[in-house]
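1. Make a model of this:
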Amino acid sequence: MADPNTPTSEFQQDASREAEAQRDIQDGIEAGEEKSFGGGESEEGAPETGARAYPTPPLPRQKLEKPGLEADLEEKPLWDAPFYKGSEKLKDMVALVTGADSGIGRAVAVLFAREGADVAIAYLDEHEDAQLTKEAVEKEGRRAILLPGDVSDPAYAEAAVQATVEQLGKLDILVNNAVFQQHAKSIEDITDEHFDKTLKTNLGGYFYMARAAVPHLKPGSSILMTGSITGIDGSKELLDYSMTKGGIHSFARSLASNLISKGIRVNVVAPGPVWTPLNPADKQADKIEQFGSDTDMKRPAQPEEIAPAFVFLASPQTASYITGEILPIIGGYGS
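-> Numbers count the residues shown, from 1 in each chain. You can find the predicted model right below:
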């Protein structure tokens, strides 16, 4: 349920309309597709490389409506990183994370809090998921605020940054993470509305949030962006999405050079397949069953496996000489 008391409550109605528009695009794509995709199980099991066992394909055959609620997933993503111990790498800093209601964004928000940061949680209209993120941040002993709204609206970007500064006192870290993704089997299936939605959210949103944040960032601050392996290798059924991810990589490199004289670093984390609501809200259930099985790891990453890279790149203790980098986390290069 929407909260009328959030700092960006005036944007909630627009955010709800944006979520409905995303569902309309999803319905249009799916109406023209075959409903069976097949896909066999991997021949050998996934290697155990983590501090705990992670889910492996076959994953539950499940389809979510956009924008995708983590609360609705049968197989819950692992985001709490119970073996990760904080060491004040972000002590008393303030971060604004978009798409922080679930998935990578939630995992980043929680680890930032564990490292000593207060967190502004920006999200579209997934209020139940966002509330859980807020509670998780507060459980780490840090402050959190909720900022529902649409990042593709430049007025929202300005309002979200302003609310962060007013309620949390400053802004040290911006994490651009919110995106729109909808696969299409052919370029002919991508409508103008679909194309426009992808570019405005993924490129426009990242640009607007960065533009709003920069006047408030001081030396030692950083901007992080979630890129993707699709922005490096491409993806035949994510033509528009891959285009924007490549654009994000280029934008980050350019912005890094533009801002380094101010002492502001800019970097990208570019994951491969990650188990979040984004993919079950995009692909058909039969394709989700084997999601991530084509990597060397034989499984998708969990959000808690991606979030430490954001901590590393955000902290002036660990990444003070790193800017303009694109860090792929894709589960190996052999497949």
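2. how about the strands of the stretch 201-335 of the chain, start to end?
-> 222-226, 265-271, 326-329 (DSSP state E, counting those that start in this stretch).
3. Just put the ones you listed in CSV and tack on distance to residue 87 and mean pLDDT.
-> The C-beta positions use only the backbone N, C-alpha and C, and glycine is treated the same way. Shown next, in CSV, are these (distance: least, C-beta to C-beta, whole Å; pLDDT from 0 to 100):
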stretch, distance to residue 87, mean pLDDT
strand 222-226, 18, 98
strand 265-271, 20, 98
strand 326-329, 20, 98
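4. Dump the ones you listed to a markdown table, plus distance to residue 194 and mean neighbour count.
-> As requested, those are arranged in a markdown table below (distance: least, C-beta to C-beta, whole Å; neighbours: other C-beta atoms under 10 Å):
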| stretch | distance to residue 194 | mean neighbour count |
| --- | --- | --- |
| strand 222-226 | 21 | 26 |
| strand 265-271 | 23 | 25 |
| strand 326-329 | 26 | 17 |
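5. a markdown table please, covering those strands and showing distance to residue 114.
-> Supplementary listing: the strands of the stretch 201-335 of the chain in a markdown table, determined by distance: least, C-beta to C-beta, whole Å:
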| stretch | distance to residue 114 |
| --- | --- |
| strand 222-226 | 17 |
| strand 265-271 | 18 |
| strand 326-329 | 19 |
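6. Contact partners for residue 12?
-> Taking C-beta atoms under 8 Å, 6 or more residues apart in numbering as the definition of contact, the neighbours of residue 12 are 2, 4, 6, 125, 148, 149.
7. per-residue pLDDT, the first one?
-> Right, residue 2. For residue 2, the pLDDT comes out at 66.
8. repeat for the last one
-> What the model reports as pLDDT for residue 149 is 98.
9. Correct me if wrong: it contacts residue 11.
-> Yes. Distance between residue 149 and residue 11: 3.4 Å, which falls inside the contact criterion (C-beta atoms under 8 Å).
10. Give me the common contacts of the two.
-> Counting by C-beta under 8 Å, 6+ apart, the residues touching both residue 149 and residue 11 are 156, 159.
11. Neighbour count for these two, which is higher?
-> Counting neighbours by other C-beta atoms under 10 Å for residue 149 and for residue 11 shows that residue 149 has the greater number, 29 against 22.
12. gap between that one and residue 160?
-> Remark: distance between residue 149 and residue 160 (C-beta to C-beta, to the nearest Å) = 6 Å.
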